[in-house]
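Visitor: Based on what follows, work out the 3D shape:
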Amino acid sequence: MKGSIASLDLSAFLLQPWQDDPAGYGWIVLMAFLVTLSCGLIGNYLVLRRMSLVGDAISHSVLPGIAVAFLVSHSRDPWIMSIGAIAAGVLTTFLIENIHGRSRIKQDAAIGITFTTLFAIGVIIITVFAGKVDLDQECVLYGEITFIPFFDYVSLFGRPIAPQPVFVMALVTLITAGLIMLFYKVLLVSSFDSGLAGSLGFNQRMVHYGMMCVLSVVVVSAFESVGAILVIAMLILPGVTAYLITYRFPIMLVLTVVHALLSAFIGLHLGIWLECSMAGSIVVAGSLLFVLAWIFSPSQGLLRRVLYRFRWRENAETQAGGSPA
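Guide: As a prediction, this is how the structure comes out:
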C-alpha cells in the first residue's frame, strides 16, 4: 500500500496475523502490553500528582544519560543503560525543582527549559558520535517494536524463553508492580495529600526521587520498542483514561491493565491494516480508548453531561410552564 489505505476485510483484519505468524505477533503484543502496563502503572501517580509533564521531561532527558552510558561502556547492556537513565532522570528532577524553587520561573517553564536542553544535548551526542559507535538514532527516537521477535532469546535452564527486550521489560514490569504493592500506602497518601504524608512521617523528597528513578528505568526499558517520543503517551493515556471512569484508585490500577491489553491488541491490528509504525498505532489505539471514556464515562462523560443539561432544561421549562401567571 502506497499513498492509500487498504480496504478493511474484518475477518482478515482480526484473524490473518494469528494464522500467518502467531508466535511473532504474540511477542509483539506481549511487548506492547508490558510497555504500556509498566508506563501506565507509574503514570497513574504522575496524573494524580499533576506531574504528567515531568514524565514528558524525563522521557526526553534520559536520552543523554543512555548516550553517555553507552559511550563510556561501549555496551548496550540494559543495566548500564538503566544507570545512565536513572542519573539523567534524577538530574532532570533536581534541575526542575531548583529552577522552579529558586527563581520566579513557573514549574511548566522550568520543565520546558530542562527537558528541551537535555534532549538537545542527547541528540548532539548521538549525532557527533554516531559514526564511531553503534548507536541507532531511529531506535532511540522512534523505536521499532516489529523487530522484537528477531532479537536474541534469553535462555533459562538451557531453554530459550523469550526475546531479550521482552524478558527485560517483563522484569521491569514485575519490579514496578512489586514496588507499587510494597509502598502502596506511602505512594497513595503522598499523591493525594502531601501534608498528611508529611505528618505521618513519610519523607516526601525520598518518595519523589524514588518514583523518578523507577520512571527512568521504565522509560529506558521501553526505548527499544516505542522510543523516546512515543513513551510519554504510554505514561499518560492509561492513567487519564482510568481517571475519567472511576474515582477509586484500586479500580484505576485494574483499568490500567485493561487499557494496556486493549491498546496492544487493537494497535497491532491497526498497524498491520495501515502498514504504519506499530508503536504509533498502539498509541492511537490508546487514544481512541481515551476518547471513548471521555464520551461515555458514567460519571464525567460528555454524553452524561449533555443528557444532564437536557433534563435540567426540560425540568426548568416544565416548572416555568406550571407556575401561576
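Visitor: Going by C-alpha atoms from here, please, whenever you check contacts or count neighbours.
Guide: Noted.
Visitor: same question for the helix or strand where residue 254 lies, mean pLDDT?
Guide: Following DSSP states H and E, one finds residue 254 within helix 249-274. Confidence over helix 249-274 (mean pLDDT, whole number) is 91.
Visitor: Who are the packing partners of that helix?
Guide: On a contact count with 3 or more C-alpha pairs under 8 Å, 6 or more residues apart in numbering; DSSP states H and E, helix 249-274 meets helix 10-20, helix 22-48, helix 204-245, helix 278-296.
Visitor: Doesn't residue 103 belong to a helix?
Guide: No. Judged by DSSP: H, G, I helix; E, B strand; the rest coil, residue 103 forms no part of a helix; its state is coil.
Visitor: And it, how far from residue 54?
Guide: The gap separating residue 103 from residue 54 is 18 Å, by C-alpha to C-alpha, to the nearest Å.
Visitor: same deal with residue 213?
Guide: Taken as C-alpha to C-alpha, the span from residue 213 to residue 54 is 12 Å.
Visitor: before we move on, what about residue 124?
Guide: Taken as C-alpha to C-alpha, the spacing of residue 124 relative to residue 54 amounts to 22 Å.
Visitor: repeat for residue 60
Guide: Residue 60 is 10 Å from residue 54, by C-alpha to C-alpha.
Visitor: Quick check: mean pLDDT of stretch 27-36?
Guide: Across stretch 27-36, pLDDT averages out at 92.
Visitor: should've said stretch 303-314
Guide: 79.
Visitor: And for that stretch, what's in contact with it?
Guide: Stretch 303-314 is contacted from outside by 295-298, using C-alpha atoms under 8 Å, 6 or more residues apart in numbering.
Visitor: what about 6 Å?
Guide: When contacts are defined by C-alpha atoms under 6 Å, 6 or more residues apart in numbering, stretch 303-314 is touched by residues 295-296.
Visitor: before we move on, the earlier item: compare residue 103 and residue 54 and say which is more crowded by neighbours.
Guide: Counted by other C-alpha atoms under 10 Å, residue 103 and residue 54 do not tie: residue 54 has more neighbours, with 24 against 9.
Visitor: related to what we said a few turns ago, the helices and strands packed on helix 249-274 into TSV, with extra columns for mean neighbour count and distance to residue 272?
Guide: Output for these, formatted as TSV (neighbours: other C-alpha atoms under 10 Å; distance: least, C-alpha to C-alpha, whole Å):
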stretch	mean neighbour count	distance to residue 272
helix 10-20	13	8
helix 22-48	23	10
helix 204-245	23	16
helix 278-296	21	8
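Visitor: Quick check: pLDDT value at residue 223.
Guide: 73.
Visitor: scratch that, residue 10
Guide: Reported pLDDT for residue 10: 63.
Visitor: ok, and what's touching stretch 183-203?
Guide: residue 49.
Visitor: Now it: buried residues?
Guide: Neighbour counts over stretch 183-203 (16 or more other C-alpha atoms under 10 Å) mark 186-191, 194, 197, 202 as buried.
Visitor: which stretches of the chain have low pLDDT?
Guide: 1-13, 78, 130-143, 224, 228-229, 317, 320-325 (pLDDT under 70).
Visitor: Return the distance of the strand or helix carrying residue 307 from the chain's centre.
Guide: Residue 307 is part of helix 302-322, with elements assigned from DSSP H and E. Centroid separation for helix 302-322 versus its chain: 39 Å, with C-alpha atoms, centre = their mean, to the nearest Å.
Visitor: Could you figure out how far it is turned away from helix 278-296?
Guide: Helix 302-322 runs at 20 degrees relative to helix 278-296, counting by axes from the mean of the first three to the mean of the last three C-alpha atoms, to 10 degrees.
Visitor: CA atoms only for stretch 295-303 - export them in CSV, please.
Guide: Coordinates of each C-alpha in stretch 295-303 appear next as CSV, following Å, rounded to 0.1, in the frame of the first residue of the first chain:
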residue,chain,number,x,y,z
ILE,A,295,-17.6,10.5,25.8
PHE,A,296,-19.2,7.6,27.6
SER,A,297,-17.8,7.8,31.2
PRO,A,298,-20.7,7.2,33.6
SER,A,299,-19.5,10.0,35.9
GLN,A,300,-17.7,12.5,33.8
GLY,A,301,-18.5,11.7,30.2
LEU,A,302,-19.6,14.3,27.6
LEU,A,303,-22.8,12.3,26.8
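Visitor: distance between it and the chain's centre?
Guide: 23 Å.
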